[in-house]
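[1] sequence first, predicted model second:
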Amino acid sequence: MIDNLISKTLAWEDEKKTCFLYDDVHFVELLDDYKLTKPTEVKMIFTMGLPFISQHGGQILFQPNDGNLYFMMRDGGGSSDSYNFS
């Protein structure tokens, strides 16, 4: 799909005799970067069962300043935190 988009973008650029820019960056370069960074494999690194069926949510991210991995989660409970997960 990305290769097809690159091909169509290059054809458009050739026809118009100009570069297609996105935020002042050559769009084809962005697509090439995407191809390099797109994950080809997904691994499950963490699972967690919660005793309730409501209020599940969370986030996993790397902090760019310190390079640490942070994991945030909801307690998965109703109005109280019965199991002291928070």
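    Good, I have the coordinates.
[2] check residue 17 and give its pLDDT.
    We have a pLDDT of 96 for residue 17.
[3] sorry, wrong one. I was asking about residue 81.
    67.
[4] cool, and residue 84?
    pLDDT, residue 84: 69.
[5] now residue 59. Its backbone dihedrals?
    Per-residue torsions, residue 59: phi -160, psi 140 (degrees, to the nearest 10).
[6] ok, and the closest non-adjacent residue to it?
    Leaving aside its chain neighbours, residue 59 sits nearest to residue 72 (4.9 Å; criterion: CB to CB, 6 or more residues apart in numbering). For the C-beta atoms, the positions are set from N, CA and C on the backbone; glycine is no exception.
[7] how about residue 32?
    Nearest non-adjacent residue to residue 32 (CB to CB, 6+ apart): residue 6, at 7.3 Å.
[8] close enough to count as contact, that neighbour and residue 31?
    Yes - the criterion here is CB atoms under 8 Å, and residue 6 meets it with residue 31 at 5.1 Å.
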